[in-house]
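>>> predicted coordinates and the sequence they were generated for:
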Amino acid sequence: MDPIKSLVVVRDDIIAAILRLEAIPEDDKHYGFALQERGYLKSVVIKIEADIRILREAL
């Protein structure tokens, strides 16, 4: 699989995980963890977006 397609798949998987974390209600005991994890995953998505942009420009 080409690198851009694999990055897009990973990015989409991470976005799906973020959406699942956002569905955790505030009164759930995992809410604090979900907030922290969501912030981390969003930073990973930003990095992947940059990598995709760099790869596309290189092709």
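Received the coordinates, thanks.
>>> the nearest residue to Met1 once chain neighbours are set aside: which element?
Nearest residue to Met1, sequence neighbours excluded (C-beta to C-beta, 6 or more residues apart in numbering): Val9, at 7.9 Å. Quick note: C-beta positions are derived from backbone N, CA and C, even for glycine. According to DSSP states H and E, Val9 maps onto helix 3-22.
>>> in the helix or strand that that helix is followed by, what's buried?
Past helix 3-22, further along toward the C-terminus, the next helix or strand under DSSP H and E is helix 31-58. By neighbour count with 16 or more other C-beta atoms under 10 Å, helix 31-58 contains the buried residues 34, 38, 41, 45, 48, 52.
>>> so the last one touches Asp12, yeah?
No. The pair Ile52 and Asp12 fails to qualify as a contact (C-beta atoms under 8 Å) at a distance of 11.5 Å.
>>> before we move on, the earlier item: any idea of the angle the helix holding Val9 forms with helix 31-58?
Using axes from the mean of the first three to the mean of the last three C-alpha atoms, to 10 degrees, one finds that helix 3-22 and helix 31-58 are set 160 degrees apart in direction.
>>> contacts for helix 3-22 next, please.
Taking contacts as C-beta atoms under 8 Å, 6 or more residues apart in numbering, the residues outside helix 3-22 that touch it are 1, 34, 37-38, 41-42, 44-45, 48-49, 51-52, 55-56, 59.
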